[in-house]
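Kindly generate the corresponding structure for this input.
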Amino acid sequence: MRILALVPGGISEQLLFFPTLDDIKRAYPEAEVSVVVEPRATAAYRVCKQVNSVIPFDYESRNSPSDWANLLGIMRDREYEVVFLTQPRWSESLLLWLSGIPTRITYSTTGTPWLYTATVPYHPDQYQAALYHDLLQGIGVKSTCPELSVNLPKADLDWAAQKREKLGLQKGYVLMYPGPAAPLNADPDPYPVASWQTLIQDFQSKQPQLPVVLLQTADSRSAIGELSASQGSLKIAGPGNIGQTAAMVAGADLVITPDCYVMQLAIALNVFTLAMLGASEPSRVLPKPAQDDPRAVGIQSASSRLADLKPEAVLEKVWGG
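Numbering: from 1, shown residues only. Sure, this is the predicted structure:
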């Protein structure tokens with residue numbers, strides 16, 4: 001069986017789709033699974049072993065008729081039997097109908113239900129991974145959404161081990177990611193450098209034996225540059241891909257991060273995570289916490305702007321439990 005999923009959005013959206021992919025493979029172990037994702041999100045599939053091919057397509061650009069025709073040609077050539085669409089917009093809905101794929105599934109909120117063979121109820125207030133997982137009801141899979149998980153390539157684990165040795169990290173560390181929040185379907189929301197300074201200094205004062213490591217990516221490079229200029233020698237890890245990022249996350253005792261793909265990686269790796277949230281509702285982006293061991297804890301800005309979240313409130317969450 002060949003199965004296709006169209007998943008618009010960034011890396012976080014892809015990671016939150018992983019539990020759905022896991023259950024597709026549980027239900028159909030021999031299935032060949034492909035995903036159509038935005039170019040900026042293809043990197044997510046380095047840490048996924050359930051997908052056979054990743055097809056880049058820029059959903060957000062003003063695609064020409066030839067762009068749509070190329071994607072339609074791929075769909076027809078590969079003779080998919082089932083297709084899922086996570087955002088049932090008119091253009092993608094028409095494309096799926098034209099593809100001739102026998103089983104076409106999306107949410108009941110679609111304005112063109114006649115273009116699909118099945119629609120499933122849309123419950124937008126639940127955890128996003130569970131919302132995606134509901135699509136499987138269209139093929140008769142009614143299991144509970146599994147936990148988010150990722151697969152780390154050995155080369156990336158080796159890179160992280162070498163990086164930790166180079167940074168002198170003998171035991172544990174706190175990993176902070178001073179990049180912007182990237183809420184689902186919303187604009188980036190940065191956290192002020194001054195607030196990051198407060199967090200770093202407080203950890204260095206209260207837990208000097210527990211190093212603070214800053215995770216440097218293209219999105220956090222500017223903030224880390226400012227932090228380095230003001231605070232001198234800081235431990236910085238600059239991974240080259242999402243697998244290396246995940247491997248650094250996996251070795252941390254605690255991850256402090258805004259709502260972004262780093263947060264989702266920490267959740268997938270079962271690392272203690274303090275998630276700083278702006279516009280995102282905790283119930284949408286964080287799994288329901290276990291009563292005896294809540295690994296991922298969110299703290300939300302009252303104004304829905306991450307910049308308004310006081311570092312003192314974050315630290316109270318850390319030290320106050």
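
where does the protein dip in pLDDT?
Where the chain drops to pLDDT under 70, the residues are 185, 290-293, 321.

80 instead?
184-187, 232-233, 289-294, 321 (pLDDT under 80).

Can you give the domain ranges for it?
2-139, 154-320 (automatic domain parsing).

In a markdown table: those, plus distance to Glu147.
Backbone N, C-alpha and C define where each C-beta goes, glycine included. Putting these into a markdown table (distance: least, Cβ to Cβ, whole Å) gives the following:
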| stretch | distance to Glu147 |
| --- | --- |
| domain 2-139 | 7 |
| domain 154-320 | 7 |
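
can you list these in CSV and add mean neighbour count?
Listed next are those as CSV, based on neighbours: other Cβ atoms under 10 Å:
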stretch, mean neighbour count
domain 2-139, 18
domain 154-320, 18
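
Go through those domains and name the closest to Leu148.
Using Cβ to Cβ as the measure, domain 154-320 is the one of those that comes nearest Leu148, at 4.4 Å.

Against which helices or strands is the longest helix that the chain contains packed?
Across the chain, the longest stretch assigned as helix under DSSP state H is helix 11-27. Using 3 or more Cβ pairs under 8 Å, 6 or more residues apart in numbering; DSSP states H and E as the contact test, the elements touching helix 11-27 are strand 2-6, strand 32-37, helix 128-133, helix 261-268.

can you do 6 Å?
Using 3 or more Cβ pairs under 6 Å, 6 or more residues apart in numbering; DSSP states H and E as the contact definition, the elements that helix 11-27 packs against are helix 128-133, helix 261-268.

just checking, Asp134 touches Val120?
Yes. With contact defined as Cβ atoms under 6 Å, Asp134 counts as touching Val120 (5.2 Å).

So which residues of the stretch 201-321 of the chain form strands?
212-215, 235-237, 254-258, 273-277, 296-300 (DSSP state E, counting those that start in this stretch).

can you list contacts of the shortest one?
Defining contact as Cβ atoms under 6 Å, 6 or more residues apart in numbering, one finds that strand 235-237 is touched by 163, 167, 211, 213-216, 248.

among those residues, which two are most distant?
Farthest pair in the contacts of strand 235-237, by Cβ to Cβ: Pro211 and Gln216, 15.2 Å.

Contacts only, for Leu286.
Leu286 neighbours (Cβ under 6 Å, 6+ apart): 296, 298.

Against Gly298, how distant is it?
The spacing between Leu286 and Gly298, counted by Cβ to Cβ, to the nearest Å, is 5 Å.

repeat for Pro29
For Pro29, the distance to Gly298 - Cβ to Cβ - is 35 Å.

Phe203 now?
Following Cβ to Cβ, the distance that separates Phe203 from Gly298 is 19 Å.

of all the helices and strands packed on helix 11-27, which lies closest to Arg76?
Of all these, helix 128-133 comes closest under Cβ to Cβ, at 25.2 Å.
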